[in-house]
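Colleague: Coordinates for the following, if possible.
(one chain, ligands or ions: 1)
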Amino acid sequence: MKADPAPLPRILVLASGQGSNLQALIDASRERDFPGQIIAVGCNRPGAFALERAGQANIESFVVDHTRFDSREAFDAQLMAEIRRRDPDVIVLAGFMRILTTDFVRAFRGRMLNVHPSLLPRYTGLNTHQRALDAGDRVHGTSVHFVTEELDGGPVIAQAEVTIEPNDTADTLAEKVQAQEHVLYPVVLRWFCEGRIQLGADGVLFDGAPLRAPLILPAS
Ligand code: GAR
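Modeller: The predicted structure is shown next:
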């Protein structure tokens, strides 16, 4: 008798808004050889379009509305309970616009990824596109990293670059960066599900060896 194939890693996506990265991950996960399954989408905003996308893809979703909690700790505790009930192998932050508590981050150490719209360590936090323009940068981009206690400061796995043209605005840059995110994030998630990337004591391990610098998808 043939042994049952090993179950695919269980992916839980957290989003807050439009969910265009969620959509890219859903599309990728539908490829026949994708080594993981999106089991649920969690959201902190009841009206977010990300929830529609989950519904259209027949993926279970849940909302933990941050406005109903008195503290960050109480919100995170409820979110953690909702996540644990679903028993994911990896949590993918896809435009999840909440600062997470240390307890939450520690609970999922090495199992939580984030996409951030800048070439980290440049421009942690918000308004990254305008800040790149104001600094006169010629190259901007996006990073996928492991989430650690430091906001947008966890070890970077891979980055994708975009060229800043003289007529770019924060809006055009956001569009270009997101297009790159939609390519980069599924690739990194695939590596994670295949067990190729891990968070070691001193940073990212790729195929078991320390990653000395982020992998770069160059600007086209
Ligand atoms: C993405 O561009 C992502 O990089 C950014 O929010 C956007 C969400 O878009 N994330 C952050 O700024 C996190 N610090 P989406 O909802 O269409 O995927």
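
Colleague: Quick check: residues of this protein near the ligand?
Modeller: Residues of the chain lying close to the ligand by CB under 6 Å from any ligand atom are 15, 17-21, 94-95, 115-117, 142, 178, 181. Where you see a C-beta, it was placed from the backbone N, CA and C, and this is true even at glycine.

Colleague: So which of those sit within strands?
Modeller: In this view, those that belong to strands under DSSP state E are 15, 115-116, 142.

Colleague: From those residues, list the buried ones, please.
Modeller: Buried members of these, scored by 16 or more other CB atoms under 10 Å, are 15, 115-116, 142.

Colleague: Could you check which residue of the protein lies nearest the ligand?
Modeller: residue 95 (2.6 Å; CB to the nearest ligand atom).

Colleague: just checking, that residue touches residue 18?
Modeller: Yes - under the contact definition of CB atoms under 8 Å, residue 95 touches residue 18, with a separation of 6.9 Å.

Colleague: between those two, what contacts are shared?
Modeller: residue 50 (CB atoms under 8 Å, 6 or more residues apart in numbering).

Colleague: nearest spatial neighbour of residue 94, skipping sequence neighbours?
Modeller: Spatially, and ignoring its direct neighbours in sequence, residue 94 is nearest to residue 21 (3.9 Å; CB to CB, 6 or more residues apart in numbering).

Colleague: Test my guess that that neighbour contacts residue 115.
Modeller: Yes - with contact defined as CB under 8 Å, residue 21 counts as touching residue 115 (6.0 Å).

Colleague: list residues touching both of those two?
Modeller: Listed as contacting both residue 21 and residue 115 by CB under 8 Å, 6+ apart are 94-95, 181, 185.

Colleague: So which of the residues you listed sit within helices?
Modeller: Counting by DSSP state H, the shared contacts of residue 21 and residue 115 place 181, 185 in helices.

Colleague: So which of the shared contacts of residue 21 and residue 115 is the closest to residue 33?
Modeller: Proximity of the shared contacts of residue 21 and residue 115 to residue 33 (CB to CB) peaks at residue 185, which lies at 17.3 Å.
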